[in-house]
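J.: How does the following fold in three dimensions:
(one chain, ligands or ions: 1)
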Amino acid sequence: MFLLSTNQDWQEKLREEVLRECGMEIPNADMLTKLKLVNMVLLEALRLYAPVTYLFRKASQDMKLGTINLLKGTTVGIPIPILHRDKEMWGPDADKFNPLRFENGLSKAAKHPNALLSFSMGPRVCIGQNFAMLEAKTVIAMIIQRFSFSISPNYVHKPIDFLTLQPMNGLQIVLKPLER
Ligand code: HEM
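T.: This is a model prediction of the structure:
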């Protein structure tokens, strides 16, 4: 909602897509798979503001990680926001909101196919990721069908890691009902 409020052009593109694929209906599974732009915007939001900011792993044995020697029992913290804004990995516009980077799919968006770590990866990957994406797509689609929205002048941009990443003083959005 924050990124669509501050990028009105994308809000309008998403509204066109949602109204084309769903009309004013509650989106069903078939419709949701057709919401490509909504998906791209959600992936870009998960890149710029990953809700889980750190992954922690413990070395189960002595090992070499790249050039670093890790002793058994060492805890490694993986700072997702730093990796998600790495210009070498994502390109010079890594700090910018650019959903088009996901145009050719998740694995082609960055130099490494698994660069997006919002849901982690490997054996402990988030088991709720497909559900979370479907839920978010449905909610965004249903809001965008009914309202245009912008950020309130009272909003102060202070993302804070409080178990998950959140806006420190809330996210004040101004909603305007769309006439249909
Ligand atoms: C945007 C929403 C979500 C995000 C960003 C997210 C992110 C993550 C991340 C990063 C992990 C790995 C944590 C780690 O290994 O340290 C994880 C694990 C997990 N997530 Fe999610 N998650 C989301 C939604 C959900 C939902 C909706 C469910 C359940 C319906 C769920 C269930 C789980 C479970 C059970 C694990 C543990 C998997 C394991 O360790 O084997 N998540 N999630």
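
J.: Remind me which helix or strand the most centrally placed residue in the chain belongs to.
T.: Centroid-nearest residue in the chain: L46, 1.6 Å away (criterion: C-alpha atoms, centre = their mean). Taking DSSP states H and E as the definition, L46 sits inside helix 36-48.

J.: Now do that helix: which elements does it pack against?
T.: helix 2-6, helix 8-22, helix 129-146 (3 or more C-beta pairs under 8 Å, 6 or more residues apart in numbering; DSSP states H and E). Just so you know, the C-beta spots here come from the backbone N, C-alpha and C atoms, and that holds for glycine as well.

J.: Let's see that with 10 Å instead.
T.: helix 2-6, helix 8-22, helix 29-33, helix 80-84, helix 129-146 (3 or more C-beta pairs under 10 Å, 6 or more residues apart in numbering; DSSP states H and E).

J.: Give the partner strands of the helix or strand that it is followed by in its sheet and their orientations.
T.: Where DSSP H and E defines the elements, the next helix or strand beyond helix 36-48 is strand 54-58. The strands beside strand 54-58 in its sheet (DSSP bridges) come out as strand 75-79 (antiparallel).

J.: what's the strand it pairs with in contact with?
T.: With contact meaning C-beta atoms under 10 Å, 6 or more residues apart in numbering, strand 75-79 is reached by T53, Y54, L55, F56, R57, K58, A59, L65, I68, L70, L117, S120.
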